[in-house]
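Asker: what shape does this take:
(one chain, ligands or ions: 1)
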Amino acid sequence: MLSWARMSKAKNRHNQLQQEIREHDYKYHVLDQPSLSDFAYDQLFAELKVLEAKHPELITPESPTQRVGGQPLGSFAKIPHRKPMLSLANTFSVEDLRDFDQRVKKVLERDADLSYFCELKLDGLAIEVIYENGKMTGALTRGDGSVGENVLSNVRTIRSLPLNLPVTAPALLEVRGEVLIYKKEFAHLNESQQESGEATFANPRNAAAGAIRQLDPRISAARPLKVLCYSPGWSEDLPVRTQTEWFDFLNAHGLPCLKYAEWPVVQKGLKKGYKKGLPLAALCQGIDAAIAYYETIQNIRHQLPFDIDGVVIKINSYSLQETLGMVARSPRWATAAKFKPEQGLTVVTGIQVQVGRTGALTPVAVMAPVKVGGVTIVNATLHNQSELDRKDVRVGDTVVIQRAGDVIPEIVEVVLAKRPAHTSKFKLPAKCPACGNAAVLIEGEVVTRCVNPLCPAVLDESLKHFASRRAMNIEDLGDKIIEQLTKAKLVNCFSDLYRLTKDELLTLERQGEKSAQNIIESINHSRNVSLGRFIYALGIRFVGEQTGKTLAQHFKTLDGLLAANEEELLQVEDIGPKIAASLLDRLQSSELRAEIKRLLKSGVTIALDKNSNIAQALQGLSIVITGTLPRPRDEIKDQIIALGGKSPGSVGKSTDYLLAGSDAGLKLAKAEEFGVKILDWEGFQKLAGS
Ligand code: IVH
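Answerer: Have a look, this model is predicted:
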């Protein structure tokens, strides 16, 4: 039986941990100003998990541990919006904006300047988050504007959104905003999709919207989703009379939104480039100021950390908004001032098929060079057969092209009116273009693959991955050299790299003495590698950089990983059946095992990741506690568990340490009998790394 005092202590600590984690989540995900190291954060999180495992009655849906994505749903519930989610009327030019201003003034019968609140038009997915009595209880998609789908299980995983609000929040609060993925994180996401052999996304909006519509919340949890709030839905007693007050309210309640500032009519020096202080929402007096703001943003849009497609100009006063009402399905008090689309027209001159490291066949459109947003574009990925079928891009087609996420060129659509006669649909070949072996589309997958493990293209790409910066980091071994080496049959597998001589390198075309020396040196340099990087470098499907690290932290040694069965793999955090199956398939294969042996024999040495060393300082250790210590025994026990160890009640043969305080009795004698190492308080602190 738990005593009341112990229970209330656990509850206090639970509250304290939740509060600290929430505070850090807000500083990290909303303000972008982390207040704790990743390590310290992980420690708090681990402690919270241990505490909740011991006291499940403390777990509430608002606990930070409950964000990570629960069980997949069968379907989303359809729920009516208390207030319809409208759309915005668009304007495309400065003249349109002046007309808008005139119309509004006419309805309001006013001549004087109006206060406009200008916000970025965020290019993501609209969401309505519902808080009841300060707790997040629903999150609806726009749906048809009247009825949305409850995607709460996915939205809960977004760490920039609080699961509960301060007590000052109204009993019912609906907050509307946009779910986004920032450009930088989108680039990483696509990189890791590619690395793990999965389909890439055309743009951040698709990746964000796709995640929100998935029934499995773990998919949302794994995508770097963010939310920026912009307007209230239906709320009771909302103490807000203007859009500026609404933004103040959002800030005061820890809800993420853009920073706003007053925007004068003439703003000098900001047209050229994005400056850190540039407000991403602005209060403008009169339409001229709003236009100046719109033009400024249009000029710097590519430098913003996320995609936008215009500026939304809203009447600041809510009572004036009410007077203005709506026309059709759009409010009369706002307009979306769109940017001229940065698109171009060009002709597809060919469709190439590239073979990736996992054997994935990717169709790539080759086009007549075209400049879009200052960058010349010559090719664009068509991702896979189903994406290609959807867009039906054919050789000879005129296509509309744009830069998705401002970096990746994307074919938006085919101009069918310009399609020449006698074109045909493009089908990925039935044979791999690199080796001629069969290429197969496995049922339920979107990617067609060459399944020949000896395919030269797969070898080239695997070697490029192996040598890449985040894997073995063989700095001077560029892609071209790798292709030359495999073509000359000097390298047929990873371990061949470590047997390569300078003389062999010098037999390659255009290979100079100095650069050959550099390559040999960087190969030698790469011999000492952390376990996480090594696992990642092997290029196993679905095993990206993070999974490599997680496996390293869990298994500690390569032998440990090689000995793991399915059950043990599934016990590792974030490893599901798909990754486990892929790992087993590769790690059990005699070829890969032989290759690993050759690598180790040729001098590759694997060390434990630095991080895992600290993060799990007591991993696998069994530490028994006895005697009087400076901290309560329960707390020490929690700390041991949080650092990966165990703390059984009695000393046995498998005990690694006895942590002995003053007045240690029987246990101390027993430990001495078993030859168990004895730790004092200082020794324990040192071992635990604090
Ligand atoms: S206010 C009456 N503010 O644009 C509609 N919408 O066409 C009120 N959007 O579905 C919406 N950024 O997803 C508003 N700063 C912003 C926005 C924004 C993007 C989207 C929103 C909505 C669509 C309206």
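Asker: okay, now the unreliable bits of the stretch 51-200 of the chain?
Answerer: 69-70, 195, 197 (pLDDT under 70).
Asker: ditto for the stretch 201-350 of the chain
Answerer: In the stretch 201-350 of the chain, residues with pLDDT under 70: 265-277, 341.
Asker: ignoring the adjacent residues along the chain, who's closest to A467?
Answerer: Ranked by C-beta to C-beta, 6 or more residues apart in numbering and with sequence neighbours excluded, the top spatial neighbour of A467 is I474, at 4.0 Å. (Glycine included, C-beta is placed from N, CA and C.)
Asker: tell me the pLDDT at the one you found?
Answerer: On the pLDDT scale, I474 is placed at 93.
Asker: which ones are touching it?
Answerer: 466-467, 497, 519, 522-523, 525-526 (C-beta atoms under 8 Å, 6 or more residues apart in numbering).
Asker: buried ones among those?
Answerer: 466-467, 497, 519, 522-523, 526 (16 or more other C-beta atoms under 10 Å).
Asker: which ones are touching E47?
Answerer: By C-beta under 8 Å, 6+ apart, the residues touching E47 are 17, 638-639, 642.
Asker: let's see 7 Å
Answerer: E47 is in contact with 17, 638, 642, counting by C-beta atoms under 7 Å, 6 or more residues apart in numbering.
Asker: surely it forms part of a helix?
Answerer: Yes: applying DSSP: H, G, I helix; E, B strand; the rest coil, one finds E47 inside a helix.
Asker: look up how far S647 lies from it.
Answerer: E47 sits 14 Å away from S647, going by C-beta to C-beta, to the nearest Å.
Asker: where do the helices sit along the stretch 451-600 of the chain?
Answerer: In the stretch 451-600 of the chain, the segments counted as helices under DSSP state H, counting those that start in this stretch are 456-467, 479-487, 502-506, 513-525, 531-537, 545-555, 558-563, 566-570, 577-587, 590-601.
Asker: outside of stretch 58-72, which residues touch it?
Answerer: 10-11, 14, 18, 21-22, 25, 45, 48-49, 51-52, 135, 153, 156-157, 159, 163-164, 215-218, 220-221.
Asker: selecting buried members of these in PyMOL, what would you type?
Answerer: Buried members of those, defined by 16+ other C-beta under 10 Å, are picked up in PyMOL with:
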select buried, resi 10+14+18+21+22+25+45+48+49+51+52+153+156+157+159+163+164+216+217+218+220+221
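Asker: out of the contacts of stretch 58-72, which are inside strands?
Answerer: Per DSSP state E, strands hold the following members of those: K135.
Asker: quick one: buried residues of stretch 504-518?
Answerer: Result for stretch 504-518 [16+ other C-beta under 10 Å]: buried residues 504-505, 508, 511, 515-516.
Asker: give me the residue from the stretch 251-400 of the chain nearest the ligand.
Answerer: Closest contact between the stretch 251-400 of the chain and the ligand, by C-beta to the nearest ligand atom, is at V312 (4.2 Å).
Asker: thought that residue was touching S87?
Answerer: No: counting by C-beta atoms under 7 Å, V312 sits too far from S87 to count as a contact (11.3 Å).
Asker: coming back round to it: for E262, find the nearest of the helices of the stretch 451-600 of the chain.
Answerer: With C-beta to C-beta as the criterion, E262 lies closest to helix 545-555 of the helices of the stretch 451-600 of the chain, at 42.9 Å.
Asker: would you mark the buried spots in the closest one?
Answerer: For helix 545-555, the neighbour count (16+ other C-beta under 10 Å) marks 545, 547-555 as buried.
Asker: check which helix or strand V370 maps to.
Answerer: strand 361-372 (DSSP states H and E).
Asker: so what touches that strand?
Answerer: Contact with strand 361-372 is made by 342-344, 346-356, 376-383, 388, 393, 401-403, 411, 426, 428, 432, 439, 448-450, as judged by C-beta under 7 Å, 6+ apart.
Asker: which residues of the stretch 251-400 of the chain lie near the ligand?
Answerer: Counting by C-beta under 6 Å from any ligand atom, the residues of the stretch 251-400 of the chain lying close to the ligand are 312, 331, 336.
Asker: how about the chain?
Answerer: Checking the chain against the ligand by C-beta under 6 Å from any ligand atom, the hits are 86-88, 119, 121-122, 126, 142, 178, 230-231, 312, 331, 336.
Asker: once you drop chain neighbours, what's closest to the residue positioned nearest the centre of the chain?
Answerer: Most central in the chain under C-alpha atoms, centre = their mean is P224, positioned 2.8 Å from the mean C-alpha point. Nearest residue to P224 in three dimensions, chain neighbours excluded: E185, at 3.8 Å (C-beta to C-beta, 6+ apart).
Asker: so the one you found touches L225, yeah?
Answerer: No: E185 lies out of contact with L225 (C-beta under 7 Å); the separation is 9.1 Å.
Asker: more neighbours: those two, which one.
Answerer: When E185 and L225 are compared for neighbours, L225 comes out ahead with 26 against 18, by other C-beta atoms under 10 Å.
Asker: phi first, then psi, for the closest residue to the more buried one other than its chain neighbours.
Answerer: With sequence-adjacent residues excluded and distances taken as C-beta to C-beta, 6+ apart, L225 is closest to I158, at 4.8 Å. Phi and psi for I158, reported as degrees, to the nearest 10, are phi -80, psi 110.
Asker: from the chain's centre, how far out does the strand or helix carrying I127 sit?
Answerer: Element membership of I127 [criterion: DSSP H and E] is strand 125-132. Relative to its chain's centre, strand 125-132 lies at 21 Å (C-alpha atoms, centre = their mean, to the nearest Å).
Asker: that strand pairs with which strands, and in what direction?
Answerer: Within its sheet, and counting by DSSP bridges, strand 125-132 is paired with strand 135-141 (antiparallel), strand 172-181 (antiparallel).
Asker: what sits up against the helix or strand just after the first one?
Answerer: In this case it means strand 135-141. Using DSSP H and E, the helix or strand that follows strand 135-141 in sequence is strand 147-149. Contact partners of strand 147-149, identified using C-beta under 7 Å, 6+ apart, comprise 76, 78-81, 128, 140-143.
Asker: closest one of the residues you listed to I540?
Answerer: Nearest to I540 among these is F76, at 33.6 Å by C-beta to C-beta.
Asker: state the distance from the closest one to Q484.
Answerer: Taken as C-beta to C-beta, the span from F76 to Q484 is 53 Å.
Asker: in the stretch 101-250 of the chain, what residue is nearest the ligand?
Answerer: A126 (3.2 Å).
Asker: does that residue really touch M85, like I thought?
Answerer: Yes: using C-beta under 7 Å, A126 is in contact with M85, at 6.4 Å.
Asker: let me know how buried P56 is, in neighbour terms.
Answerer: P56: 7 neighbours (other C-beta under 10 Å).
Asker: so what's it up against?
Answerer: Residues near P56 by C-beta under 7 Å, 6+ apart: none.
Asker: for it, give me phi and psi.
Answerer: Per degrees, to the nearest 10, the backbone of P56 is at phi -60, psi -20.
Asker: about what we covered before: OK, contacts around the residue of the stretch 251-400 of the chain closest to the ligand?
Answerer: Residues counted as contacts of V312 (C-beta under 7 Å, 6+ apart) are 88, 119, 121, 334, 336.
Asker: all good on my end, thank you.
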